[in-house]
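Asker: structure for this input, please:
(chains A and B)
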Amino acid sequence: MSEQAAPREFGWTMPRGWWTRRWHYFWYIVREFTSLPLALWLLWLLVEIRRAQDGPQGYHPHGSLGFVVFSVVVLLFALYHSYTFLTLAGAILHFNLADRPVSSRLIVLSQFALWAAASVVVGFVLIYFARS
Amino acid sequence: MSEHAHTRKLALAHLFWWFMFAQGGVLAAILIPVHVLIQGILGPLGVVPVVDRHYDTWVNVLGNPLVKLYLLVLIAFPFFHFAHRLRYLLVDLGVPAARSLPAQIVFYGGAVAVTLVTIYILLTTVPISFG
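Answerer: Numbering: from 1, shown residues only, chains lettered A, B, ... in the order given. Below is the predicted model of the structure:
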């Protein structure tokens, strides 16, 4: 048997702009992109924490209209991330309860319930401790 | 190093990064929207009083060790999720270099750097207070 040639590498690259060809692809890229605005907002929160060392006279929390508009945009991306990520739980998590498989619909509902409960608790803390 | 030990080490590394990716995604999904809504929109607009709008209330909560731990989890974990997603976003958009080892070091190293900076800021900005 003759020596076989080394396998050639097949260098597949996606066509430029592939993600604009279908809405499904577009929203997939949007889902991946949500990380960027969320990361920027968390870095802002870190700055806000650091500003506490400026003392009572020097502390000025962000409150400009530009910041509010930025936060509105970030909130839209955050909600999209939450919806897509928590919906995925139904496809990822599989377990039994009393020897019966838990339906994916119930798993997704539990994730959204957890999201709602956490939002209420965090929201309450953020507002309640502003009064003390 | 034997092949078995090397494979096991790789598996443990994958386990760690996938754990951080998954937990970061869950935490970002469950916790970030309410922070953005209240601290980024409703508070600055004056719709509701928010803890970070005034120095005294902000410092009071920042001194609490549980709040420091919560903020560390809130900020640090999602960055491991973001690092992975943004790296693959570049791959999907036709930047094959994003698969390279240097790119991995930049993105995941960035997440580690954010974690370390967050720990430093939380420990040095307001002293821990149990009161």
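Asker: not counting sequence-adjacent ones, nearest residue to the residue minimising distance to the centre of chain A?
Answerer: Chain A has A:H81 as the residue nearest its centroid, 3.8 Å off, counting by C-alpha atoms, centre = their mean. Sequence neighbours aside, A:T34 is the residue nearest to A:H81 in space, at 4.2 Å (criterion: C-beta to C-beta, 6 or more residues apart in numbering or on different chains). From N, CA and C alone the C-beta is placed, and that goes for glycine too.
Asker: now that neighbour: how far from B:V126?
Answerer: For A:T34, the distance to B:V126 equals 31 Å [C-beta to C-beta, to the nearest Å].
Asker: and what of B:G110?
Answerer: 26 Å.
Asker: how about the helices in the chain?
Answerer: In the absence of a named chain, chain A is used. Along chain A, counting by DSSP state H, helices occupy A:23-33, A:35-50, A:55-58, A:65-92, A:104-128.
Asker: hmm, I had chain B in mind actually
Answerer: Using DSSP H, helices in chain B cover B:3-35, B:43-45, B:55-62, B:65-92, B:101-124.
Asker: give me the angle between the first one and helix A:35-50.
Answerer: Calculated by axes from the mean of the first three to the mean of the last three C-alpha atoms, to 10 degrees, helix B:3-35 forms an angle of 70 degrees with helix A:35-50.
Asker: what is helix B:3-35 packed up against?
Answerer: With contacts taken as 3 or more C-beta pairs under 8 Å, 6 or more residues apart in numbering or on different chains; DSSP states H and E, helix B:3-35 sits against helix A:35-50, helix A:65-92, helix A:104-128, helix B:65-92.
Asker: how about low-confidence regions in chain B?
Answerer: B:1, B:131 (pLDDT under 70).
Asker: mind doing that once more with 90?
Answerer: For chain B, applying pLDDT under 90 flags the ranges B:1-18, B:94-96, B:126-131.
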